[in-house]
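Asks: Predicted model follows, preceded by the sequence.
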Amino acid sequence: MEKILVIGCAGQIGSELTLELRKMYGDANVVATDIKPADKEITEGGPFEILDVLDTHRLFGTVSRNKITQIYHLAAILSGNAEKKPLASWHINMESLLNVLELSRELNLNKVFWPSSIAVFGPTTPRVDTPQFTVMEPNTVYGISKLAGERWLEYYFQRYGVDGRSLRYPGLISHKTEAGGGTTDYAVEIFYDAIKEKKYNCFLGENTYLPMQFMDDAIKATIGVMEAPAEKITVRSSYNVAGISFSPKEIAKEIQKTIPDFSISYEPDFRQAIADSWPKSIDDSVAQRDWGLKNTFDLKRMTSLMLQEVGKKFN
Ligand code: NAD
Ligand code: AKB
C-alpha cells in the first residue's frame, strides 16, 4: 500500500489534490502538510502536520515516521510574488525541491510529483503551440527556478533512478481555494468580482492570451502522469499541458452571457511583462501520446461551473 505525503496541501492545488488522493488511497494513507493551517476538511479528514519543507530534519522525520512511499511536493512561490522577492523565492523553490529529491534518493521512495509551469518558457520561445522541446530562456525568477527544477528532476532520474514526474501546468482555475500570487490569477479573481461587484479591473491587457486549465482536468492529469507505468514516461523533465487558451476580453464576454451587466476594465501592472514572455498556446501531444492526457473543460463549460460554484459562496 502506498503512503503519500502532500507538501503544500493548503494551496490552490493541494486543497483539492489532497482530497482526491485520500479518495484513491484511503484517508489514513495521505499525510497532508503545509507551513500554515489548512481547511478543516483536510486537517480533520486525515493526518495533517504543520511542516516547513525547508526544515530538512523534520521533513526526513515526517517521511520516516509515516513510512511515506510517494511525495507530491506543491510548495512554491508563484510568478507574481516571486518577482517581489527574487532571492528568497529562488531559495524556497530550489532548496525545497532539492530536499525532496535528496530524501527520495536516500530513502528510496517509489515516486515524486513536482509541478513545473508554462513559466519555463520565455520571450525567445515560439509562442503559439509551444512544442514540448524548444528554446527555453525564461526571464522571471519563478521561470528560472522551474527550469532549473526540471533539470534537477531529470538529473536525479538519470543518475539515481528517482522516479520523478512532472507537468508544466498552465494557469489553473478553481473555486475551492483562491490563487496563490501568480500571473494567471486574474482568471480566478474575475469570477469573485463578477459575482460580488459585477465589475473587474484586470491587471493584464484585454488581448493577453494565456494557456489555462480547469482544476478538475489538472487533478486528473496529475494523477494520470503519476499512475502511468514508468516505461510510458519518456519525458523526465516535465510534460507540456495545453488546457484552453483565452484572453481577458474573451472570458469577460463569456461571463456576460450569464451576468449581462458585468463590465471589465484594464490596468496592466508588472505582471503584463511576465504574461507577454509566456506562450499563448501549448502543444501537449507528447503527454497525450505517452499516457493519455485529456482536457475536458472548454471556456464555456468552465465559466458556467465557476459562476455557479463561486456564486454559492456568496449566497
Ligand atoms: P499556492 O501558493 O496556492 O500553494 C502553495 C502552498 O505551499 C501554500 O499553501 C503555502 O503555504 C505552501 N508553502 C509555501 N512555503 C512552504 C514551505 N516552506 N513549507 C511548506 N509549505 C509551504 O500554489 P498552488 O497554486 O497550489 O501551486 C502549487 C504548485 O503548482 C507550485 O509549485 C506552483 O509553482 C505550481 N503551479 C501552479 C499553477 C497554478 O496556476 N496554480 C500553475 C503552474 C504551476
Ligand atoms: C503563475 O501565474 O505564476 C502560475 C503559473 C502559470 O505557473 N499560475
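Replies: Great, that's in hand. Ligands and ions are numbered 1, 2, ... in the order given.

Asks: contacts for stretch 304-315?
Replies: 173, 175, 191-192, 194-196, 214, 255, 258-259, 297 (C-beta atoms under 8 Å, 6 or more residues apart in numbering). In short, each C-beta sits where N, CA and C put it, glycine included.

Asks: Widest-spaced pair of these?
Replies: Lys196 and Phe297 (23.3 Å; C-beta to C-beta).

Asks: If you count surrounding residues, which of these two has more?
Replies: Phe297 (21 against 12; other C-beta atoms under 10 Å).

Asks: How much space separates the more buried one from Glu106?
Replies: 40 Å (C-beta to C-beta, to the nearest Å).

Asks: same thing with Gln272?
Replies: 43 Å.

Asks: now do Met302
Replies: Taken as C-beta to C-beta, the span from Met302 to Glu106 is 41 Å.

Asks: Between those two, which has more neighbouring residues?
Replies: Taking other C-beta under 10 Å, Met302 and Glu106 do not tie; Met302 has more neighbours (26 against 11).

Asks: Name the secondary structure element that contains the residue in the chain positioned nearest to ligand 2.
Replies: The minimum distance from the chain to ligand 2, using C-beta to the nearest ligand atom, falls at Gly182 (2.4 Å). Assigned by DSSP states H and E, Gly182 belongs to neither a helix nor a strand.

Asks: Contact partners for it?
Replies: 78-81, 171.

Asks: Which two among these are spaced furthest apart?
Replies: Top of the distance list for the contacts of Gly182 (C-beta to C-beta): Asn81 and Gly171, 14.6 Å.

Asks: so Asn110 makes contact with Asp163?
Replies: Yes: using C-beta atoms under 8 Å, Asn110 is in contact with Asp163, at 6.6 Å.

Asks: Those residues of the stretch 101-250 of the chain touching ligand 2, which are they?
Replies: 117-119, 142, 171, 182-184 (C-beta under 6 Å from any ligand atom).

Asks: State the mean pLDDT of the helix or strand where His57 lies.
Replies: His57 belongs to helix 56-65 when assigned by DSSP H and E. If you average the pLDDT over helix 56-65, you get 97.

Asks: Buried ones in that helix, by neighbour count?
Replies: 56, 59, 62-63 (16 or more other C-beta atoms under 10 Å).

Asks: Can I get the residues you listed in a markdown table including distance to Lys313?
Replies: Shown next, in a markdown table, are those (distance: C-beta to C-beta, whole Å):
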| residue | distance to Lys313 |
| --- | --- |
| Thr56 | 38 |
| Leu59 | 34 |
| Thr62 | 32 |
| Val63 | 35 |
